[in-house]
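>>> Here is my input, please return the structure:
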Amino acid sequence: MKLLVINPNISGDVTDLIESEARRSIRSGTELTMATAPFGVAYIETRAEAQIGGYAAMQIAAECHADHDAVVVAAFGDPGLSALREILRIPVVGMTEAALVSACQVGSRFSVIAISQRIQAWYRETIAACGFSDRLASIRALDEPLAHIGRIQEDQGERLVALAERAVQDDGADVLILAGAPLAGLARSVASRLPVPALDGVTCALHQAQALVDLGAAPPTAGSFALPPEKPCKGLPVALARLVGRDIARSVTPVG
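Take a look at the predicted model:
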């Protein structure tokens, strides 16, 4: 089995964190291809940044998905997830959806521990889009500037644990989701200090990607996730134009 794991932001040190946790979450014989966005932002906090990250993820997936069995979008908020499911014929798993589904299998109500206050609106909208708003106990987030996104676990680890404890004590969380690729691996390292289960989106996504490959569901030929209709397109990288427009011969010169 071969999995393509995409970091939709430009931080290579965050990709390293994702890869470390991903390798702890795969079975013997599963191979990983790691990819980092070639453009965009250091970490995604807003709707606008999520749109950019989604486009970066689509471009990477279009160029690299061949010979892979599944794709993982490794950013909490799942930028580009639905679009990728629409244009690819292999399973596509997002960190957020994977963590939410797993949390609801472990307890009744979950809390999300996040890296910034600004990120909360986007997270709430993503949780609502997944249909889990009624199970959300709270989102608790750091309220200090982030000096270095790749070192947030070292710099803010104790504050993140304190937020998690408050989510259990004050908000009634049965499960904690330590959200965001910069926190990859943190749930594993602090689990023994927390009174309820703590989940890592990377871990959940890698396990679910492998399970979906094993499940072997056929790609859709009808419904809203069938391939998009053919149409001319302009200005897209060739690999993405082939997936989105599927009409290269009549398209107006793609980029690349």
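
>>> average pLDDT across stretch 225-236?
Stretch 225-236 shows a mean pLDDT of 89.

>>> again with stretch 67-74
Taken as a whole, stretch 67-74 has a mean pLDDT of 97.

>>> chain center to stretch 228-236: distance?
26 Å (CA atoms, centre = their mean, to the nearest Å).

>>> buried sites along that stretch?
233, 236 (16 or more other CB atoms under 10 Å). Glycine gets a C-beta too; all of them are placed from N, C-alpha and C.

>>> quick one: buried residues of stretch 26-46?
Buried, per 16+ other CB under 10 Å, within stretch 26-46: 26, 30, 32, 34-37, 40-45.

>>> and Pro145, what helix or strand is that in?
For Pro145, there is no host helix or strand (DSSP states H and E).

>>> Show residues contacting the top helix by length along the chain.
For the chain, the longest helix by residue count, based on DSSP state H, is helix 152-171. By CB atoms under 8 Å, 6 or more residues apart in numbering, the residues outside helix 152-171 that reach it are 17, 111, 113, 115, 137-138, 140-142, 144, 146-148, 173, 176, 178, 182-183, 185-186, 189-190, 193-196, 198.

>>> quick check: mean pLDDT across it?
For helix 152-171, the mean pLDDT works out to 94.

>>> Centre of the chain to the next helix-or-strand element following that helix, how far?
Downstream of helix 152-171, the next assigned helix or strand under DSSP H and E is strand 175-178. In terms of CA atoms, centre = their mean, the centre of strand 175-178 is set 15 Å apart from its chain centre.

>>> mind listing what's buried in the helix or strand following strand 175-178?
Once strand 175-178 ends, the next helix or strand along the chain (criterion: DSSP H and E) is helix 186-190. Neighbour counts using 16+ other CB under 10 Å place 186-188, 190 of helix 186-190 among the buried residues.

>>> Nearest to Gly53 among these?
Nearest to Gly53 among these: Leu186, at 20.9 Å, using CB to CB.

>>> Please report the distance of the closest one from Gln169.
Note on Leu186: its distance to Gln169, by CB to CB, to the nearest Å, is 19 Å.

>>> swap in Arg242?
Using CB to CB, Arg242 is found at 52 Å from Gln169.

>>> So the two - more neighbours on which side?
More neighbours surround Arg242 than the other of Arg242 and Gln169, with 17 against 10 (other CB atoms under 10 Å).

>>> who does the strand or helix carrying the more buried one touch, helix- and strand-wise?
Using DSSP H and E, Arg242 maps to helix 238-244. In this structure, helix 238-244 makes packing contacts with helix 47-64, judged by 3 or more CB pairs under 8 Å, 6 or more residues apart in numbering; DSSP states H and E.

>>> right, and the helix or strand after the helix it packs on?
Going down the chain from helix 47-64, the next helix or strand is strand 70-73, by DSSP H and E.

>>> And for that next one, what's in contact with it?
Contacts of strand 70-73 (CB under 8 Å, 6+ apart): 1, 3-6, 8, 22, 57, 61, 65, 79-81, 84, 88, 90-95, 205-206, 209-210, 212-213.
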